[in-house]
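Student: sequence plus the predicted model coming up.
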Amino acid sequence: MSDSIIRSLGAGSGIDSSTLVSQLVEIERAPQQNRLDTKEETLNSQISAYGTLKSSLSELQSILTPLSTNDTFNARSVSFPDTDAITPNSVDPGAQAGSYQIEVIDVAQAQSLASATFSDKESALGNSGTLTISFGQWTYDEDATNGDPGLDVDTDDDPYSFAANADRAALNITIDADDSLQDIADKINEEDADVQASVLLVDGQYQLLLTSPSGDDNALRITSDDATKGDTTGLSIFEFNETEHSQMTETQQGNDAELKVNGLTVYRETNEIDDVIQGFNFTLNKSSAGEKISFSVNEDTSIAEQAVRDFVTAYNTFYETAQNLTGISRDEQNQITRGDLSTDGSAKAIIGRIRDLIGSLVPGVDSGFNALTNIGIRTELDGTLSIDEEDFSSAFQDNFALVESLFATDTSSASSTVTVRTGSYATEAVAGDYDIVITTDPEKASVTGSDISGTAAGFVDNAAGDELNLDASAGDYTFKVTIGSTTSETITLNGTYTSVEELRSELQSLINGDNALKAVGAEIDVGYDNDANTFTFTTRDYGSNAKVEFSAADLGADMSNLGVAAMSDTGVDVEGTIDGVQGFGSGNVLLPKIGSDSYGLNFLVEEGAVAATATLGGSISTNFSRGFAGEFEKLISQFLSNSGTISSREESINDQLEGITEDREDLDRKMEKLETRLLSQFLAMERIVSSFQSTGNQLNGILDRLPFTASNS
C-alpha cells in the first residue's frame, strides 16, 4: 500500500497531548476560577468600603465631641487692656461674666530663712533627729531689735507667737547623722510641699536657704527634737521658733497680696489669682496703687453656634459618603452604579439607625428643646440636614440654656442633698428620671473631748472668748491618733499658744502632717465648740471605713488638759434605693445595682438627705441626659467598638476571604487530579497508537510477499 492506514488516522506523534491536556484543564477551571475571583473582588471591595465608613464615622464623632461637652456652651471671652501690673492667664468656661476694675495695692511675697554658714555642703553634719516644719502666721515683737535700738524694720523683729495654718499639714523631716547640708535640702524638697530648700555658695561659704510658699499664713516655724536648744550644735541650728531663732536668719517676711476688685479689698497669699473672679486666672506682677485696670468677661455663644454648624456640615459629608457606599445611582447615560455595600444589610442598618437618631427625641430631655428641629435643623428629602437661619438664630439668642441641654450632658436633682454624677460606666446608664429614697444619712467619724475650761493652768473660761496661755514647749503633750486603719506616729505639741484657735490649728496641722497618716491620705478636721469648751476630731471621709480613735495607752498625761481621753467613733455608709431597687452605699456615695438602668451613675449624698426625702413626698427626683451629641457619640462608639456591628461584619468578610483561599486550594487539587487523569488517558492512547504503528509496519508490503501473487510489469 502506498499510504499507511494507521498514518491516515492522524495518530502517533502528530498529537501534542501535553498542550491539549493543559487546554482541557483550563477550560474546566475557568468558570470556577472566575466565580472565586469575582467573589474575592467583591469581598475586598466591601472591606475597603467598611474602612471608608469607619473613617467617616470617626470624623463625625470627632465633630460631636465638643457638642457633648458643657464647656462649649459656657465659653467666655475677655477684653483686657495693656498693663504691666497684671498678666491675664486664662478664662475658663463658665467664668463669671461682668465688668471689673482691679487695683493692685501690694504683691505677695514668701518668707525666706537662711542658716549659718558651712565650709562644706557634702560632709556629714553628725546630727540626727526630726525637724518639724509648720506653716502659719507669725506675730512679731516689734520692740525686739536684735540689740540695736536704731533698727525698726520688720526683718529685725523677733518672732513672738505663731498661729498654725490648719489647712497645711506640717512636715516631719527625719535627719540621719550621715546627712550633709545638701542631703537636708534634698529631703525637704522631696516632701513636695512648696517649701524650696537650696544650698547657696556665698563668699566661699555654704548656707541653707528655705523659702516658704508666699503669703502671711504660710510662714515657717521650725522645731526639732534635739535637746541642745540655744546651742550652736545639733539640729537646733536649723530651728526658727518662739524660743530659738538665733541660728536661722529671716531674710524676708511673707505677706499677702492686696488688691481692690470693684472697690472691695481682697487679700490672697499668692500672686497667681484664680478665685477672686470665678473662672478668670491672672498674675499680679507689681504693686500699682492708683492704677485702676478695667476689663470685662463676656459670654461667647459663637463657639457653640459654630460647633453646631460644623456638625451639620460634617453630617452631610458623612451621609453623602454613606449613600455612595450603600446606594444605587444612575449616571447621565442611564448606567447603574452600585455602591460596594449596596447589598450589605449591616451597613444599611447602621445608616438607618443614624437617620432614626437624627429625627428622634433626645432621651432624658423631658422639656424645652428635645429635638434638632427645635433649633431650626431640618431633614431634607435626600436625607441631608439644613439650617433654618431664623429659627436657629432665635434659639441661640433667646434660649441658649435650652440649646445646651439639647446637645450636652445634663443632670439635675430636686434636692441639694443629692447630686447626680456620671461614673466610669456612664455609657451603660439609661437616660431618664430616677427617684431616690435615702433611708440612712452618711456620717463621718467624730469624737468630742471633755470641757477644758479651768481644767489646767493656762486655760480660762471661754464664755467671753477663747483666750489661752498654754506653754507646751516642754514637749509633754504627746499622743497618737488612729484614722481609718492607720495609726499615726507620736505627735508632740511643743509651742506656746495664746488662743484656742492657735491650738486648734496646730493640732490639725500636726495630725494631717504625720508621715504615717499622710502616706495613706488619712486626714481629719479639728474643731472647737466655744459654748461647750470642747475639741472635736472629725474625719474628712464618710462611711464605715472612716474611723477616729484615741487610745489611752498612746496619750501623754497632759493630754487630759485638752479634754482628750480614750475615745473612738466609726462613720456610717449612706443607705437608700434608686427607683425602688436597693443601692450600695460607700461612704456618702450611693451606687446603683449592677445591670440596672441607672448603672453607670452615682449619687453623692449629703447629711440631711433623709429629711429632704420626707419633705419632698417620700423620694427625691433626679434626671440624667447625655444630650443629643452624647447619644450620637455613644451610638458611633458602639458601631466602632471591637464587638460592634462593623467589627463583626469585617470578621465575617475576612472569614469568607479565608474560605475563598481554601476553595482555591481545593480547586487546585481538583485540577491537578484532572490533569493527571487526562495525561494518563493520553499516555494510554499513545501506547495504543504506537502498537498500531508497529502492526502497520509489519503489514507494509505483505501483498508482495504472498504466494500466487504477481505484480504488473
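Tutor: Received, thanks.
Student: residue boundaries of the strands in the stretch 201-350 of the chain?
Tutor: Using DSSP state E, counting those that start in this stretch, the strands of the stretch 201-350 of the chain run over residues 205-214, 219-224, 249-252, 257-261, 264-268, 272-273, 280-284, 293-299, 328-330, 336-338.
Student: helices or strands up against the last one?
Tutor: Judged by 3 or more C-beta pairs under 8 Å, 6 or more residues apart in numbering; DSSP states H and E, strand 336-338 is in contact with strand 328-330. Placement of C-beta: from N, CA and C, glycine included.
Student: okay, domains of the chain per the record?
Tutor: Domain assignment for the chain by automatic domain parsing gives 76-107+258-299, 110-255, 302-402, 410-442+574-625, 444-570.
Student: what's downstream of the helix or strand of the chain with the lowest mean pLDDT, the next helix or strand?
Tutor: Each helix and strand of the chain was given a mean pLDDT (mean pLDDT, DSSP states H and E); the minimum falls on helix 5-8 at a mean of 41. The C-terminal neighbour of helix 5-8 among helices and strands, as given by DSSP states H and E, is helix 17-67.
Student: which other helices and strands does that next one contact?
Tutor: Using 3+ C-beta pairs under 8 Å, 6+ apart, helix 17-67 sits against helix 302-326, helix 345-359, helix 627-640, helix 645-699.
Student: deepest-packed of those, please.
Tutor: Counting by mean count of other C-beta atoms under 10 Å, helix 627-640 has the highest mean neighbour count of those, with a mean of 21.
Student: got a list of contacts for it?
Tutor: Helix 627-640 is contacted by residues 54, 57-58, 60-61, 64-65, 67-68, 311, 350, 353-354, 357, 362-363, 365, 372, 405-410, 427, 431, 626, 644-647 when judged by C-beta atoms under 8 Å, 6 or more residues apart in numbering.
Student: so how far is that helix off the chain centroid?
Tutor: Offset of helix 627-640 from its chain centre (C-alpha atoms, centre = their mean, to the nearest Å): 20 Å.
Student: what about the residue nearest the centre of the chain, distance to residue 356?
Tutor: For the chain, residue 424 is the residue whose C-alpha lies nearest the centre (C-alpha atoms, centre = their mean; 10.1 Å). Per C-beta to C-beta, to the nearest Å, residue 424 is found 28 Å from residue 356.
Student: then residue 529?
Tutor: From residue 529 to residue 356 the distance is 62 Å (C-beta to C-beta).
Student: so how many other residues sit close to residue 641?
Tutor: Using other C-beta atoms under 10 Å, residue 641 has 12 neighbouring residues.
Student: next, give phi and psi for it.
Tutor: When read as degrees, to the nearest 10, the backbone of residue 641 gives phi -70, psi 160.
Student: how about residue 410: what's its closest non-neighbour residue?
Tutor: Distance criterion C-beta to C-beta, 6 or more residues apart in numbering; nearest residue to residue 410, sequence neighbours excluded, is residue 625 at 4.8 Å.
Student: related to what we said a few turns ago, dump the helices and strands packed on helix 17-67 to CSV, plus distance to residue 474 and mean pLDDT.
Tutor: Shown next, in CSV, are those (distance: least, C-beta to C-beta, whole Å; pLDDT from 0 to 100):
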stretch, distance to residue 474, mean pLDDT
helix 302-326, 63, 95
helix 345-359, 74, 94
helix 627-640, 63, 95
helix 645-699, 73, 82
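Student: how about TSV for these, with distance to residue 278 added?
Tutor: As requested, these are arranged in TSV below (distance: least, C-beta to C-beta, whole Å):
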stretch	distance to residue 278
helix 302-326	19
helix 345-359	36
helix 627-640	24
helix 645-699	44
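Student: for residue 385, give the beta-bridge partners.
Tutor: On the basis of DSSP bridges, residue 385 is bridged to residue 379.
Student: isn't it right next to residue 314, touching?
Tutor: No. The criterion here is C-beta atoms under 8 Å, and residue 385 misses it with residue 314 at 9.9 Å.
Student: filter the contacts of helix 627-640 down to just the buried residues.
Tutor: 54, 57, 60-61, 64, 67-68, 311, 350, 354, 357, 362-363, 365, 372, 405-410, 431, 626, 644-646 (16 or more other C-beta atoms under 10 Å).
Student: correct me if wrong: residue 256 contacts residue 268.
Tutor: Yes. Between residue 256 and residue 268 a contact is recorded at 6.2 Å, counting by C-beta under 8 Å.
Student: give me the common contacts of those two.
Tutor: By the contact definition C-beta under 8 Å, 6+ apart, residue 256 and residue 268 are jointly contacted by 108, 215.
Student: since we're on residue 162, how many residues are nearby?
Tutor: Neighbour count for residue 162, taken as other C-beta under 10 Å: 25.
Student: then residue 119?
Tutor: Neighbourhood size, residue 119 [other C-beta under 10 Å]: 8.
Student: which SS class is residue 564?
Tutor: coil (DSSP: H, G, I helix; E, B strand; the rest coil).
Student: what sits against residue 510?
Tutor: Contacts of residue 510 (C-beta under 8 Å, 6+ apart): 132, 134, 164, 170, 491-493.
Student: out of the residues you listed, list just those in helices.
Tutor: Using DSSP state H, no member of the contacts of residue 510 falls within helices.
Student: compare these and tell me which is most surrounded.
Tutor: Counting neighbours by other C-beta under 10 Å, residue 164 leads those with 26 neighbours.
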